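# Make a model of this:
(chains A and B)
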Amino acid sequence: MTTSAAASSGRWRLRQPSVIPGFGLTLGFSLAYLTLIILIPLAGLVWRSAGLSGAEFLAILSDQRTLNALKVSFGTAFIAALVNVVFGVIVAWVIVRYEFPGRRIVDAIVDLPFALPTAVAGISLAALYAPNGWIGQVLNLFGIKAAFNPTGIVIALIFIGLPFVVRTVQPIMEEIDREVEEAAATLGAGRFQTISRILLPGLSPAILTGFALAFARGVGEYGSVIFIAGNIPYVSEIAPLLIVIRLEEFNYGAAAAIATIMLGLSFAMLLFINLVQAWNRRRYGHGA
Amino acid sequence: MDVSVKNIRKEFDRYPALNDVSLDIRSGELIALLGPSGSGKTTLLRLIAGLEQPTLGKIYFGAEDASHRTVQERHVGFVFQHYALFRHMTVADNIAFGLTVRPRGQRPDKAEIRRRVGELLEMVQLSGLEKRYPNQLSGGQRQRVALARAMAIEPKVLLLDEPFGALDAKVRKELRRWLREFHDRTGHTTVFVTHDQEEALELADRVVVMSQGAIEQVGSSDDVYDRPNSPFVFSFIGDSASLPVTVTDGAMLFQDEPIGIAPKPRDIQGGNGTLFFRPQDVALVADPAAPALEGRVATSRRLAGTRIADLDIGKPGEAHHVEIEVPLEASAATGTVLRFRPTRWKTFAE
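Model (predicted):
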């Protein structure tokens, strides 16, 4: 009782008495590993950009080309993640809820964007959506240009981000208790009310996580985007490309500065999403 | 609201879960569907609710054929074994759900909903918990929230699927008594499923004993306990012992030896059958010459005010194992030979 009282009083302790062995060893390993793989490179990045004076850093940050590149990167990733949330949830729903011939194939296809080299994806998307490509021709008839502009970037990022949403939402969807839906039905709720008031709120933490992953991936995506983006400075140039351009100019300071800004923005957004999740969890209990 | 089930058959993948089941439930009655797992009791409950569609047969609510009504239209209160509460909603929102999903015209206004939720919470003795989430409640509290939620839509019939199955023994007993009082107060037609015979016998006005997709017997607790109409009911309800017997010329024989009881008119009058009796319905026979069942005590144990003896009866190699109650003063050490006759029994033909 004393341990649970201490735990519920919220006092932070490094080590909870536990029957699970190996806490010290595994924590030590995890920290060392994370430091080596993630923290040291990121620290190097910040260190590099810290070589710039404050004024230089501000100049790079306020440069219109940098600002536009960031706007394109974050804007397109945001839109693509939103689109993926809608269609990813539908795809997950179809895979989880219905038995149909070819269900396993559909399930496997979802992973393809994970496996495909991004450059291959970019080249084939560019070929398809270019004004003389199969799909591009059709879209051209309606006056829609879907390649070599930000729309093209969104298309590439939708392709890249889909599995993140599907694979995050799918396991949670599989766990949905059929009885909860049946309870809603006995209380008089129609199909639409059950989905909007019972199922989607229950899935919202998973959907939010899927969104965050797809968004983060989209912000960092390079390989597939540069083939379809057209890479017009100020219009369809993404921040990672601008970093590469600065590197090719041997302007390491500017590259590091842009990278640091991206890092900061991404970190802030993921932190925000995680806070929302934590708030959700506190309300609905563990794993809701 | 009377509910009647007429010649219902339900198949899952060609396998019949229910076969030609008919049952009349009277308005205001508290009925238990009792049976081992796989007996079809939950399927029957779900058919009444409209959560399953019958393969054949009809279900009437009052005089109206409800067979093809959807779950939503049937307007039943259904309580699930694992509560099925909406975990992202507060207790109050859970209870109000059935009211808030009504079409705009029939939906009570917010103040009215809040008043109704308050009333229901009071009825299930959970006032003050409306802001909690389901994961902040104990199992017994969750089950009562589930009941309040089902009652909010003012159902014609209340259906409960193993309502106390997931609760510990003490809470289960309390809730059982509470449900009985609740039913007496509200007078809803109530059907509940259970595999716990004690629960069924204590709580229900009538018990429906089910086995292998069919109804074996419908009756009061006294009926199913004292007058079981099939070998299944006799062995399923309460403790019992059974022995293979033969009836010839008005005498009952066990392994060709008379056992000192004569078949009654309700027993089989000839041929092979099975003799059933309860451990407490036996009398020891002191006279070693009188015909009786004879067995050797394998073990005996003291059970509160009585002693239970495990006997091996019959020829070696063909011995049958039965339990009987013996008076505390009788000697029942292991190895003792006891002679007894059933005082109340029933035989069923093979």
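# I'd like to know how many residues surround the residue of the stretch 101-250 of chain B found nearest chain A.
Chain A sits closest to residue B:135 of the stretch 101-250 of chain B, with a gap of 3.0 Å, by CB to the nearest CB. C-beta here means a position set from N, CA and C on the backbone, and glycine is covered the same way. Around residue B:135 there are 14 other residues, counting by other CB atoms under 10 Å in any protein chain shown.
# Isn't it up against residue B:87?
Yes - using CB atoms under 8 Å, residue B:135 is in contact with residue B:87, at 6.2 Å.
# what residues does chain B put near chain A?
Proximity of chain B to chain A (CB under 8 Å from any CB of the partner chain) is limited to residues B:49-51, B:70-72, B:74-78, B:80, B:82, B:84-89, B:97-98, B:101-102, B:133-136, B:146, B:149-150, B:152-153.
# how about the strands of the stretch 1-150 of chain B, start to end?
B:3-12, B:15-25, B:30-34, B:56-61, B:64-65, B:76-79 (DSSP state E, counting those that start in this stretch).
# Make a ChimeraX selection of the buried ones in the residues of chain B next to chain A.
In ChimeraX, this line selects whichever of these come out buried by 16 or more other CB atoms under 10 Å in any protein chain shown:
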select /B:49,50,51,71,72,74,75,76,77,78,80,82,84,85,86,87,88,89,97,98,101,133,134,146,149,150,152,153
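# Please confirm that residue B:291 is located within a strand.
No - read with DSSP: H, G, I helix; E, B strand; the rest coil, residue B:291 is coil and lies in no strand.
# Look at it and report its pLDDT.
At residue B:291, the model reports a pLDDT of 90.
# Let me see the confidence value for the closest residue to residue A:93 other than its chain neighbours.
Distances taken as CB to CB, 6 or more residues apart in numbering or on different chains place residue A:173 nearest to residue A:93, at 6.7 Å, with adjacent residues excluded. Listed pLDDT for residue A:173 reads 92.
# Against chain B, how distant is residue A:173?
Separation of residue A:173 from chain B (CB to the nearest CB, to the nearest Å): 15 Å.
# hang on, that residue packs against residue A:94?
No - Residue A:173 is beyond contact range of residue A:94, at 10.4 Å (criterion: CB under 8 Å).
# Neighbour count: those two, which is higher?
Using other CB under 10 Å as the criterion, residue A:173 and residue A:94 rank with residue A:173 on top: 20 against 14.
# same for the helix or strand hosting the more buried one, what does it pack against?
For residue A:173, the host element (DSSP states H and E) is helix A:150-174. Secondary structure elements in contact with helix A:150-174, counted by 3 or more CB pairs under 8 Å, 6 or more residues apart in numbering or on different chains; DSSP states H and E, are helix A:64-97, helix A:112-115, helix A:118-129, helix A:200-220, helix A:225-229.
# I'd like these laid out as CSV, including distance to residue B:344 and mean pLDDT.
Below are these laid out as CSV (distance: least, CB to CB, whole Å; pLDDT from 0 to 100):
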stretch, distance to residue B:344, mean pLDDT
helix A:64-97, 56, 95
helix A:112-115, 73, 89
helix A:118-129, 82, 92
helix A:200-220, 56, 91
helix A:225-229, 87, 91
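# where does the residue of chain B most remote from its centre fall, phi/psi-wise?
Distance to the chain centre peaks in chain B at residue B:289, reaching 43.1 Å (criterion: CA atoms, centre = their mean). Per-residue torsions, residue B:289: phi -90, psi -20 (degrees, to the nearest 10).
# tell me which residues in stretch A:71-84 are buried?
A:72, A:73, A:74, A:76, A:77, A:78, A:79, A:80, A:81, A:83, A:84.
# contact partners of that stretch?
Residues outside stretch A:71-84 that contact it (CB atoms under 8 Å, 6 or more residues apart in numbering or on different chains): A:150, A:153-154, A:157-158, A:160-162, A:164-165, A:210-211, A:214-219, A:221, A:235-240, A:262, A:265.
# And stretch A:189-204, by the same measure?
Residues from elsewhere that reach stretch A:189-204 (CB under 8 Å, 6+ apart): A:89, A:169, A:172-173, A:176, A:180-181, A:184-185, A:207, A:280, A:288, B:72, B:86-89, B:97-98, B:101.
# buried residues in it?
A:189, A:193, A:194, A:197, A:198, A:199, A:201, A:202, A:203, A:204.
# Kindly check the end-to-end length of it for me.
Taking CA to CA, to the nearest Å as the measure, stretch A:189-204 stretches 20 Å from start to finish.
# Please apply the same query to stretch A:144-151.
End to end - CA to CA - stretch A:144-151 spans 9 Å.
# Run the chain-centre distance for that stretch.
Here the centre of stretch A:144-151 is set off from its chain's centre by 22 Å, with CA atoms, centre = their mean, to the nearest Å.
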